[in-house]
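**Student:** generate a structure from the sequence data that follows.
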Amino acid sequence: MRNLLALAALLFLIVPLRAQKIQFEHGCNYDHDDVGGLLTLNRPSDEARRIVDEILAAAAEVTAPRKYDMNFRLMIADVANARAVEKDGIRYILYNEDFLQQFERNSLTRWAAYSLMAHEIGHHLEKHDFIAKDPALRHRQELEADEFSAQVLARMNATREQALAGIRSFDTDQATATHPPASEREAAIRKAYNEELRRMDAIEAPPETYIELNQRAFTKNRWNLLKGAQVQAVLNEETITIRYRIPQALPGQTVVVCLGSTDDKIYPTARADRTVSGVGEFVLYEPEGSIVWNYNLDRFTKLEVGKGGMLKAMVYDAYDQPRPPSFWKKMSGPTLTGLGAIATGIGIWQYVEGQNIYQVYDDVRNPNDPVYAEESRADRYARANDHNLLGQYLTLGGSLSLIGGVILIIETSNHQKSYLDALCWQNEQFLLEPLLSAPVAGATVVGFRITF
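**Tutor:** Numbers count the residues shown, from 1 in each chain. As a prediction, the model looks like this:
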């Protein structure tokens, strides 16, 4: 391994000191086919060299029956992310310095940078043919580079989620002439990562600590598509990763994914990143993914964030998100209650009136009293009957309306409480990246969109 590192250092030393322009025709971009054009090359940064050094050191430890020839130059260029190219028999790794710095912001995206660089290095170490026109061959080469990246990251003690961070950072699921779909690439990374762990005499990934999520978010939140059995929260030294699986397919629909907290002093901020395909609106072809919160960057301790039942994971159908009770729902309960009370009161009055009519003959015993001449006994009893029946109907209907109104008032109150508890704060800014977090009903939540 010492010889390999010395050779890598020698390669860096022979990189030209001055910027140079080179026309490239063939190569590999991590997530798309466009690799041609005239590019200005500059010397790499110390940080990029350090990353490549670490990757090369890990590559030397990969227990595969082959030896690698370190045959490339590392250069800064105006490319989208990272690119493996070849010109006049010289192989290059070109990378965008701004892109690299962006990926260095937190622990998960930092591993994405390692994954991308390892992928491009893998192309060169495997001596891939960038001129090949056969799509099947190009796809196989991409998968080999992905597998190499997974092996290297396993050797660098990355977790499985960290090894997948690179492929999940791009909307790359559509197959092209040179790149297989992201789902196939992710499967290759998973398989290679697990196999490398077994070679390292480790059947499982590094030990994980599971914490309990807030169960009310699953049992009491009427809008949440997630159920507790489909969600796991893993705590490590820097992050909390919430892995979820949506129990039903939502093809062609948009869902909103939220991470919230019941503690207004310990909460996720905009650093809670979506890791399904990056940040923003993307296409997801499998109903599973993860939410990663780097609590270390928010200056919270592992002890603080590890409290069971604090964090809430929520996934909503974009067309069936938490909404407050409508004006009509808020008014219907009191209205029904009021009308029911009035109807019940009138019904009781009608019933009492009917009873009074029945009792007239008991109260007036004199047969010459005018009451006997006003109407026949049969007519009076019929009128009393009508009052009694109307009173019974009004009392029954009014009581039911009164009970229904009270139930509706309670339901509206529970709806409002559930809405405030389940509310996912979101904003158009999330279409670019999760820039905003805001307090809601004593807690703080952050949201972003995923398109299935």
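**Student:** let me know the secondary structure of the residue nearest to the spatial centre of the chain.
**Tutor:** In the chain, the centroid-proximal residue (C-alpha atoms, centre = their mean) is Val257; its distance is 3.9 Å. Per DSSP: H, G, I helix; E, B strand; the rest coil, the local secondary structure of Val257 is strand.
**Student:** beta partners for it?
**Tutor:** According to DSSP bridges, the partner residues bridging Val257 are Val315, Phe448.
**Student:** pLDDT wise, what is it at?
**Tutor:** The model reports Val257 with a pLDDT of 73.
**Student:** surely it touches Ile291?
**Tutor:** Yes. Between Val257 and Ile291 there is a contact under C-beta atoms under 8 Å: 6.4 Å. In this view, the C-beta of every residue, glycine as well, is placed from N, C-alpha and C.
**Student:** where does the stretch 201-350 of the chain dip in pLDDT?
**Tutor:** Counting by pLDDT under 70, the stretch 201-350 of the chain shows low-confidence ranges at 201-207, 228-229, 247-255, 267, 269-289.
**Student:** which residue ranges of the stretch 201-350 of the chain form helices?
**Tutor:** Under the criterion DSSP state H, counting those that start in this stretch, the stretch 201-350 of the chain contains helices at 216-219, 302-305, 327-358.
**Student:** now for the first one, which elements pack on it?
**Tutor:** Helix 216-219 sits against strand 311-317, with contacts defined as 3 or more C-beta pairs under 8 Å, 6 or more residues apart in numbering; DSSP states H and E.
**Student:** outside of the strand it packs on itself, list whatever touches it.
**Tutor:** Residues from elsewhere that reach strand 311-317, judged by C-beta atoms under 8 Å, 6 or more residues apart in numbering: 211, 213-214, 216-217, 221, 223-226, 231, 233, 240, 242, 244, 246, 250, 253, 255-262, 268, 291, 293, 305, 322, 422, 424, 445.
**Student:** from those residues, which land in strands?
**Tutor:** If you go by DSSP state E, these have 211, 231, 233, 240, 242, 244, 255-261, 291, 293, 445 in strands.
**Student:** out of those residues, which end up buried?
**Tutor:** 211, 231, 233, 240, 242, 244, 255-261, 291, 293, 445 (16 or more other C-beta atoms under 10 Å).
**Student:** which residues does His415 contact?
**Tutor:** 324-325, 329.
**Student:** that one and Ile240: what is the separation?
**Tutor:** Taken as C-beta to C-beta, to the nearest Å, the spacing of His415 relative to Ile240 amounts to 30 Å.
**Student:** for the stretch 1-150 of the chain, give me the ranges with low pLDDT.
**Tutor:** Residues of the stretch 1-150 of the chain meeting the criterion pLDDT under 70: 1-19, 25-27, 30-38, 63-70, 104-109.
**Student:** do you have the strands of it handy? List them.
**Tutor:** Taking DSSP state E, counting those that start in this stretch, the strands of the stretch 1-150 of the chain run over residues 20-24, 27-29, 37-41, 72-76, 82-87, 90-95.
**Student:** counting neighbours, what do you get for the nearest residue to Ala217 once chain neighbours are set aside?
**Tutor:** Nearest residue to Ala217, sequence neighbours excluded (C-beta to C-beta, 6 or more residues apart in numbering): Lys312, at 3.9 Å. Neighbours of Lys312 under the rule other C-beta atoms under 10 Å: 26.
**Student:** state the distance from Lys312 to Leu259.
**Tutor:** Plainly put, Lys312 is 7 Å away from Leu259 if you go by C-beta to C-beta.
**Student:** was I right about Ile346 contacting Leu394?
**Tutor:** Yes. Applying C-beta under 8 Å, one finds Ile346 in contact with Leu394, separated by 5.3 Å.
**Student:** more crowded one of the two?
**Tutor:** Leu394 (20 against 15).
**Student:** between the helix or strand containing the more buried one and helix 327-358, how many degrees?
**Tutor:** Element membership for Leu394, per DSSP states H and E: helix 377-422. Relative orientation of helix 377-422 versus helix 327-358 (axes from the mean of the first three to the mean of the last three C-alpha atoms, to 10 degrees): 160 degrees.
**Student:** what residue spans form the domains of the chain?
**Tutor:** Taking automatic domain parsing as the domain assignment, the ranges for the chain are 2-199, 209-322+436-451, 327-422.
**Student:** remind me which residues of the stretch 351-452 of the chain are low pLDDT?
**Tutor:** Low-confidence segments of the stretch 351-452 of the chain, defined by pLDDT under 70: 361-362, 364-365, 367-368, 371-373, 422-452.
**Student:** what do you get if the cut-off is 50, keeping everything else the same?
**Tutor:** Within the stretch 351-452 of the chain, the stretches falling below the threshold (pLDDT under 50) are 425-452.
**Student:** His124: which of the ones in strands among the contacts of strand 311-317 is nearest?
**Tutor:** Nearest to His124 among these: Ile291, at 34.8 Å, using C-beta to C-beta.
**Student:** the closest residue to Glu353 other than its chain neighbours: what's it in contact with?
**Tutor:** Closest residue to Glu353 apart from its sequence neighbours, by C-beta to C-beta, 6+ apart: His387 at 4.8 Å. Shown in contact with His387 (C-beta under 8 Å, 6+ apart): 350-351, 353-354, 357.
**Student:** repeat that for Ile266.
**Tutor:** Contacts for Ile266 (C-beta under 8 Å, 6+ apart) come out as 300, 304-305, 307, 310.
**Student:** make JSON lines from these and add distance to Arg168 to it.
**Tutor:** Below are the contacts of Ile266 laid out as JSON lines (distance: C-beta to C-beta, whole Å):
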{"residue": "Phe300", "distance to Arg168": "24"}
{"residue": "Glu304", "distance to Arg168": "27"}
{"residue": "Val305", "distance to Arg168": "23"}
{"residue": "Lys307", "distance to Arg168": "28"}
{"residue": "Met310", "distance to Arg168": "26"}
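**Student:** list only those of those flagged as buried.
**Tutor:** 300, 305, 310.
**Student:** let me see the contact set for the closest residue to the second one other than its chain neighbours.
**Tutor:** With C-beta to C-beta, 6+ apart as the criterion, Val305 has its nearest non-adjacent residue at 4.5 Å, and that residue is Tyr295. If you count contacts by C-beta under 8 Å, 6+ apart, Tyr295 has them with 238-240, 268, 301-302, 304-305.
**Student:** before we move on, the earlier item: got the angle for the helix holding Leu394 vs strand 254-261?
**Tutor:** In terms of direction (the same axes, to 10 degrees), helix 377-422 departs from strand 254-261 by 80 degrees.
**Student:** and helix 377-422, how far from the chain's centre?
**Tutor:** On the basis of C-alpha atoms, centre = their mean, to the nearest Å, helix 377-422 sits 45 Å off its chain's mean C-alpha point.
**Student:** if I look at the nearest residue to Glu86 once chain neighbours are set aside, how far off is Asn214?
**Tutor:** Spatial nearest neighbour of Glu86, chain neighbours left out: Phe130 (5.7 Å); criterion: C-beta to C-beta, 6+ apart. Distance, Phe130 to Asn214, by C-beta to C-beta: 50 Å.
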